[in-house]
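Engineer: Could you work out the structure for the sequence below:
(chains A, B, C, D, E and F)
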Protein chains: 4
Amino acid sequence: MDASILTIQPGSPEPIYRQIVEQLRRLIAGGQLRAGELLPSVREVAGFHAINPMTVSRAYGLAENDGLLERQRGKGMVVATSDNASHNQGARLRLLEPHLQQAARHAHELELPAEKVLRRLQQLLED
Amino acid sequence: MDASILTIQPGSPEPIYRQIVEQLRRLIAGGQLRAGELLPSVREVAGFHAINPMTVSRAYGLAENDGLLERQRGKGMVVATSDNASHNQGARLRLLEPHLQQAARHAHELELPAEKVLRRLQQLLED
Amino acid sequence: MDASILTIQPGSPEPIYRQIVEQLRRLIAGGQLRAGELLPSVREVAGFHAINPMTVSRAYGLAENDGLLERQRGKGMVVATSDNASHNQGARLRLLEPHLQQAARHAHELELPAEKVLRRLQQLLED
Amino acid sequence: MDASILTIQPGSPEPIYRQIVEQLRRLIAGGQLRAGELLPSVREVAGFHAINPMTVSRAYGLAENDGLLERQRGKGMVVATSDNASHNQGARLRLLEPHLQQAARHAHELELPAEKVLRRLQQLLED
DNA sequence: GTGGTCTAGACCACG
DNA sequence: GTGGTCTAGACCACA
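Structural biologist: Numbers count the residues shown, from 1 in each chain, chains lettered A, B, ... in the order given. Below is the predicted model:
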């Protein structure tokens, strides 16, 4: 597994370690990372994205705490065998829900017509 | 103007002062707060939402720095006379853009079909 | 609240940050730390026990993740309002269970008579 | 001697090699493994418990260093001829002491009555 | 090789 | 004042 599966935005207000955890959560739920799959090592990720290994290590540790990853001693971290429940579309949509709610609230405050907002999101989704 | 125009989410990772500033920016751009309109006092807002007055004061100060509000001696803060440019639909859509981009990226990581995402956002926008 | 509520054993194989988390869990379950109580600050604990502030911070963060503590912005960490379920004697005994099981297994491997083991534990409990 | 004398808990925070060494120490002190007795081979233990042979080998090496085992060329590892001192009850109780102390400390933090703790340990010892 | 822990110290965010 | 994040680097534990 390549360190390039992860995307890091260094300038974001969201801390790097949490970007990693949440991204892993989504990639696993979405099936792009499958149970048992070996993740890139802490050092690989840190080197590839030019961040501190401890930051990656912290993310991996939290993801393990959350049941997303499992430590395989001497080998590295692998994707945990998750309950199938977290893979169905409803569960995945629920992970997106807060963002959609926020977008809707903001659109309302901006008095933007629903049609415009939806069209723009559609464009972005088509990439 | 009533302190209830503002919605505060105390548990959010987004700091309270920024919730206020960004919400003011959107309400002004969207026309729900008009130039010259008097804002609720720091004490009113703080009391109503049970938050620290200093937090509200800081938000108002930053909003003033951003040219969103103006201090009127003896009266309080009023909505500044803004250039018309910030009211047009393109500008307003641009304020929403980052959230839409983030939602699109997450939807992609979750392997969610565009159609489902758009339908859910449409529901939320219809409230 | 004094930094002396926490006991740290620097030489233990159990990492310091986990010693803190688990100790907090027990002190809260046992009622020695009550809901809403303010914990000693990261810097206080670190200074008192001569350990690195980040180690304490890490423990506090994990305890927050576990729902043991809550961050009160600008004030510090307070004991979370826990469900009463975790305070009853059964739940508390369950937190001790793994240690008792391990002790029993070891006593068995050592072929020690139950009576001797129980008498020694009784002595230790009477302190 | 069968590989089933050893109990391994792969998920435990205690490293596997140390589980083995300490368990050997107790089984020998308790007399369940007697001087001269042949231990199961590294391969047998590793195969039976599905762990890495190197881990078993390391454990055997450390146990040899500690004077618990002796390497007999062409045969394998046998239980060393130990001084009688390590077999007396006081010495065996001393091996259990740290666990009992820890249990007592935790019980105290949990504000559990001594009587309940002792009764539970008694139950577990009766297995 | 893998991840884990801890330190020392800088800097930021928040109230 | 509070906690949070990140870095740089040392050292350990494990397979």
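Engineer: so which helix or strand takes in the residue of chain A positioned farthest from its centre?
Structural biologist: Here chain A reaches farthest from its C-alpha mean at A:Glu111, the gap being 30.5 Å by Cα atoms, centre = their mean. Counting by DSSP states H and E, no helix or strand carries A:Glu111.
Engineer: So which elements touch the lengthiest helix in chain A?
Structural biologist: Longest helix in chain A, counting residues (DSSP state H): helix A:89-109. Applying 3 or more Cβ pairs under 8 Å, 6 or more residues apart in numbering or on different chains; DSSP states H and E, one finds that helix A:89-109 contacts helix A:16-30, helix A:114-125, helix B:16-30, helix B:89-109, helix B:114-125. C-betas here are computed from N, CA, C, even on glycine.
Engineer: ok so, going back, which residues touch the closest residue to the residue farthest from the centre of chain A other than its chain neighbours?
Structural biologist: Spatial nearest neighbour of A:Glu111, excluding adjacent residues (Cβ to Cβ, 6 or more residues apart in numbering or on different chains): B:Gly30 at 3.7 Å. Shown in contact with B:Gly30 (Cβ atoms under 8 Å, 6 or more residues apart in numbering or on different chains): A:109-112, B:92.
Engineer: Geometric centre of chain A: which residue is closest?
Structural biologist: Nearest to the centroid of the C-alpha atoms of chain A, with distances taken as Cα atoms, centre = their mean, sits A:Gln23, at 1.0 Å.
Engineer: Tell me if I'm right that that one and A:Gln9 touch.
Structural biologist: No. Taking contacts as Cβ atoms under 8 Å, A:Gln23 lies outside contact range of A:Gln9: 10.2 Å.
Engineer: close to DNA strand E, is the helix or strand harbouring A:Val78?
Structural biologist: In the assignment (DSSP H and E), A:Val78 maps to strand A:76-79. Yes. For strand A:76-79, a contact with DNA strand E is found by Cβ under 7 Å from any atom of the strand, at A:76-77.
Engineer: list the helices and strands that strand packs on?
Structural biologist: Packing partners of strand A:76-79 (3+ Cβ pairs under 8 Å, 6+ apart): helix A:53-65, strand A:69-72.
Engineer: can you do 10 Å?
Structural biologist: helix A:16-30, helix A:42-49, helix A:53-65, strand A:69-72 (3 or more Cβ pairs under 10 Å, 6 or more residues apart in numbering or on different chains; DSSP states H and E).
Engineer: so which of these gets nearest D:Arg119?
Structural biologist: With distances scored as Cβ to Cβ, the stretch of these nearest to D:Arg119 is helix A:53-65 (33.8 Å).
Engineer: Buried residues, that closest one. List them.
Structural biologist: Neighbour-count burial for helix A:53-65 flags A:55-63 (criterion: 16 or more other Cβ atoms under 10 Å in any protein chain shown).
Engineer: got the CA coordinates for stretch A:51-69 in PDB?
Structural biologist: Output of stretch A:51-69 as PDB, limited to C-alpha atoms (Å, rounded to 0.1, in the frame of the first residue of the first chain):
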ATOM      1  CA  ILE A  51       5.500  15.600   8.300                       C
ATOM      2  CA  ASN A  52       6.800  14.300  11.700                       C
ATOM      3  CA  PRO A  53       6.600  10.600  12.200                       C
ATOM      4  CA  MET A  54       5.000  11.100  15.600                       C
ATOM      5  CA  THR A  55       2.100  12.900  14.100                       C
ATOM      6  CA  VAL A  56       1.400   9.900  11.900                       C
ATOM      7  CA  SER A  57       2.000   7.600  14.800                       C
ATOM      8  CA  ARG A  58      -0.500   9.500  16.900                       C
ATOM      9  CA  ALA A  59      -3.100   9.200  14.100                       C
ATOM     10  CA  TYR A  60      -2.500   5.500  13.800                       C
ATOM     11  CA  GLY A  61      -2.800   5.100  17.500                       C
ATOM     12  CA  LEU A  62      -6.100   6.900  17.600                       C
ATOM     13  CA  ALA A  63      -7.400   4.900  14.700                       C
ATOM     14  CA  GLU A  64      -6.500   1.700  16.500                       C
ATOM     15  CA  ASN A  65      -8.400   3.000  19.600                       C
ATOM     16  CA  ASP A  66     -11.400   3.600  17.400                       C
ATOM     17  CA  GLY A  67     -11.300   0.100  16.100                       C
ATOM     18  CA  LEU A  68     -10.400   1.200  12.600                       C
ATOM     19  CA  LEU A  69      -6.900  -0.300  12.500                       C
END
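Engineer: Around A:Val79, how many other residues sit close by?
Structural biologist: By other Cβ atoms under 10 Å in any protein chain shown, the residues close to A:Val79 number 20.
Engineer: got the residues of chain A near DNA strand F?
Structural biologist: Near DNA strand F, when you scan chain A using Cβ under 7 Å from any atom of the strand, you find A:15-18, A:51-52, A:54-55, A:73-74.
Engineer: For A:Met1, give me the pLDDT.
Structural biologist: pLDDT recorded at A:Met1 is 66.
Engineer: Chain A against chain D: which residues are in contact?
Structural biologist: Residues of chain A lying near chain D by Cβ under 10 Å from any Cβ of the partner chain: A:70, A:73-74.
Engineer: The closest residue to chain C within chain A and A:Glu44, how far apart?
Structural biologist: Closest residue of chain A to chain C, Cβ to the nearest Cβ: A:Asn65 (6.9 Å). For A:Asn65, the distance to A:Glu44 equals 21 Å [Cβ to Cβ, to the nearest Å].
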